[in-house]
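Visitor: for reference, the sequence and a predicted model appear below.
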Amino acid sequence: MTTAAVARGTMPVAGHLREASRRGIRAAVALILAIGVGFWLSDQILELLRAPVEELAASRDASLNYDTVTGAFDLKLKIALFAGVIGSSPVWLAELFAYVTPGLTRWERKYTLGFLAAAVPLFAAGCTFGFVLFPHMVEMLAGFSSTEDSTILNAGYYVDFVMKMVLAIGVALVLPVFVVMLNALGLLPAQTLRRSWRAIVVVIVLFSALVTPAADVLSMFLVAAPMSLLFAAALLITHVHDRRRDHRVRSEL
């Protein structure tokens, strides 16, 4: 099968399967290696996550605890998996993009590349911001209890809380870029967004509830509020884009 034939989209089903298998194996190898590195660095990562708890311990009785015999090992695996998925993301994203790209037109590839160029640094910036923010959130949320009370945190629950917050903030920064890309591709008109804004806000709230502890209304709000503002910014950009496109079409008539 020639390159030209592949570019025209004439690759047979067996060729697609072989291509998917080859790229899937590369992505899986990168993920396994990254998980191994994450497991090796899990103690250092946990020390970083433990820092806010140690700050609390300076003013009250506060500590991380394991409620099962295998809790410490399970936590190391969880940290390793989280670090592996994030660390190997450039590889599996590149493999996914390389697999999908031949089926796109030149114009679609241009916008998709632009989306990746904007989304990757925004996601990284969001995760970094999440790591900077979470110690303050832990201090603020734990501060609602009296200094005479003990703050005994389940280690698995605590790490889940931090990971979900970091990922949620990363996704929140990528959301407007994704919406703008769909609009630029002609798949999501600004009028549709305006009509569906109530449903989108509900989805944002549900997403925030899933990525934060169910009983923690404050942290859910801290995720939902910026995501709603970012959606509003994306709606404004799509509105301007559609107006310019309509004006260009009218001028060509």
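Guide: It's in.
Visitor: only C-alpha atoms from now on, for both contacts and neighbour counts.
Guide: OK.
Visitor: test my guess that residue 83 contacts residue 36.
Guide: No - using CA atoms under 8 Å, residue 83 makes no contact with residue 36, being 9.3 Å away.
Visitor: compare the two (neighbour count), which wins?
Guide: The residue with more neighbours, out of residue 83 and residue 36, is residue 83; 23 against 17, by other CA atoms under 10 Å.
Visitor: per-residue pLDDT of that one, please?
Guide: Listed pLDDT for residue 83 reads 88.
Visitor: mind checking the SS state of it?
Guide: Here residue 83 is recorded as helix under DSSP: H, G, I helix; E, B strand; the rest coil.
Visitor: residue 152 belongs to a strand?
Guide: Yes - counting by three-state DSSP, residue 152 is part of a strand.
Visitor: and it, how far from residue 61?
Guide: 8 Å (CA to CA, to the nearest Å).
Visitor: wait, residue 63 touches residue 52, no?
Guide: No - counting by CA under 8 Å, residue 63 does not reach residue 52; the two are 10.1 Å apart.
Visitor: remind me which residues of the stretch 101-250 of the chain are low pLDDT?
Guide: Where the stretch 101-250 of the chain drops to pLDDT under 70, the residues are 102-104, 108, 147, 211-216, 219.
Visitor: for this structure, just list every one of the helices.
Guide: For the chain, helices defined by DSSP state H occupy the ranges 3-7, 13-40, 42-57, 71-87, 89-100, 106-142, 155-184, 190-195, 197-211, 217-252.
Visitor: output those in CSV; the columns should cover distance to residue 148.
Guide: CSV is the format used below for the helices of the chain (distance: least, CA to CA, whole Å):
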stretch, distance to residue 148
helix 3-7, 69
helix 13-40, 36
helix 42-57, 12
helix 71-87, 28
helix 89-100, 44
helix 106-142, 12
helix 155-184, 21
helix 190-195, 50
helix 197-211, 30
helix 217-252, 23
